[in-house]
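Asker: Test case, fold it:
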Amino acid sequence: MFGLGKLKFRGVDKKTISDQAHIDDYNSAEEIGRVRLGRLCLYYRDLGRKYCVPYEYIDRRFTRVSVVEPDDSPAYFYYRLILVHGEKEFANLIFEKEENVNRIHDRLEEIRPEIEKGYIPPADGKRRYFA
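Answerer: Model prediction:
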């Protein structure tokens, strides 16, 4: 009635994925914050949806740190896990703890060492957001 019941994921091609293999992989995946690392894919939640990203789709990964400086209290930090395909950032996942982002980087290194790590500025100086 309200989308409850069978798990559904949005794939990188914007199509819905709801086969049993992905559901089983999601349920058995290692959970780190809002990210799950399965055998088949990296899964994450964003804006009420669950996304499914095959590891082969991820070309680059890096951490971006955001600093918030309120007037009446000390600054605090948000750690963003950025995933890149081609030249476009397709995922910007916010964490409060740097350890969680580092654990995901370590696990991605184990799962698929071909994924490059680190930020590379675009040649024209303009960041490409969300494919």
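
Asker: Could you use CA atoms for every contact and neighbour count after this?
Answerer: Will do.

Asker: So what pairs up with the nearest residue to Y57 once chain neighbours are set aside in the strands?
Answerer: Once flanking residues are discounted, Y57 sits nearest to H85: 6.4 Å by C-alpha to C-alpha, 6 or more residues apart in numbering. Assessed by DSSP bridges, H85 has beta-bridge partners K88.

Asker: how about T63, what does it touch?
Answerer: Contact partners of T63, counting by C-alpha atoms under 8 Å, 6 or more residues apart in numbering, are Y79, R80, L81, I82, V101, G118.

Asker: just the buried members of those?
Answerer: Y79, R80, L81, I82, V101 (16 or more other C-alpha atoms under 10 Å).

Asker: Which one of those is nearest to I58?
Answerer: I58 has its nearest neighbour among these in I82, at 10.2 Å by C-alpha to C-alpha.

Asker: Which residue is the nearest non-sequential neighbour of that closest one?
Answerer: N92 (4.7 Å).
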